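# all I have is the shape, not the residue letters:
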C-alpha cells in the first residue's frame, strides 16, 4: 500500500509541475518565446503517465516483492532526483518548462546544476525513470521505460540543442 501512495505522491508532484509549466508557458510566450519540438511533448507526457501506471500494475499483477535494501535505496534515489529536478526549476525560474520554449536573446544559464551539465533535468529524469519502479522490484517496468525514455530524450535533447544553438 505504501508503494501505491508513493506513486500517487509522484503523480501529484507531476501535476504541480504541469501547473508551474502552464504559468511559465504563458510568461515565456508573452516575452517573445518560441516553442520548438511540439511533436514530441505529448509523447513525453504519455510516457511519464504510463510509467506511473505501469509501476503500480506490475507490482500488483506480478506480485513483485518489496526488498528493503533495494527499495529504500531507490526511494532515496527518487527523492534525490526529484530534488535535482526542482533545483533546475528554481535555477531557471520562469524560463523552466517541460515544453521547449526559447526566448530569443536570453542568455544560457550557467549557474546551479547547469554549471556542470547542459541538461541536469534530463539526468534527474533518467535516474528517476530507472529507480521509481525498482522501489518495489518492478524490474520489467524499469527496463522498458528506461529504453523508452532514452528514445524520447534522444529526440528531445537534439531538438533542445538545436533550439539553443549548441553545435
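All right, it came through fine. Note that the structure is predicted; figures quoted are calculated from it, not measured.
# please make it C-alpha for all contacts and neighbour counts, starting now.
Fine.
# all strands for the chain, in order.
For the chain, the strands defined by DSSP state E cover 34-36, 100-102.
# which of the ones you listed is buried the deepest?
strand 100-102 (a mean of 22; mean count of other Cα atoms under 10 Å).
# give the other helices and strands that it contacts.
Secondary-structure packing of strand 100-102 (3 or more Cα pairs under 8 Å, 6 or more residues apart in numbering; DSSP states H and E): helix 2-30, strand 34-36, helix 139-164.
# state the distance from residue 136 to residue 8.
For residue 136, the distance to residue 8 equals 14 Å [Cα to Cα, to the nearest Å].
# those two - which one has more neighbours?
Neighbours were counted for residue 136 and for residue 8 using other Cα atoms under 10 Å; residue 136 has more, 26 against 15.
# where does pLDDT dip in the chain?
For the chain, applying pLDDT under 70 flags the ranges 166-167.
# contacts for stretch 7-14 next, please.
Outside of stretch 7-14, the residues within contact range by Cα atoms under 8 Å, 6 or more residues apart in numbering are 52, 55, 56.
# I figured the second one was touching residue 141, is that so?
Yes. Counting by Cα atoms under 8 Å, residue 55 touches residue 141, with 6.3 Å between them.
# in the chain, which residue sits furthest out from the middle?
Relative to the C-alpha centroid of the chain, counting by Cα atoms, centre = their mean, residue 63 is the outermost residue, at 26.7 Å.
# got the contact list for the one residue sitting closest to the centre of the chain?
For the chain, the residue sitting closest to the mean C-alpha position, by Cα atoms, centre = their mean, is residue 125 at 4.0 Å. By Cα under 8 Å, 6+ apart, the contact set of residue 125 is 81, 85.
# go again with 7 Å.
Residues counted as contacts of residue 125 (Cα atoms under 7 Å, 6 or more residues apart in numbering) are residue 81.
# list the buried residues for stretch 91-105?
91, 92, 94, 95, 96, 97, 98, 99, 100, 101, 102, 103 (16 or more other Cα atoms under 10 Å).
# so what's the third one closest to, chain neighbours aside?
Right, residue 94. Nearest non-adjacent residue to residue 94, counting by Cα to Cα, 6 or more residues apart in numbering: residue 24, 5.2 Å away.
# touching, that neighbour and residue 92? I think so.
No. Using Cα atoms under 7 Å, residue 24 is not in contact with residue 92; the gap is 10.5 Å.
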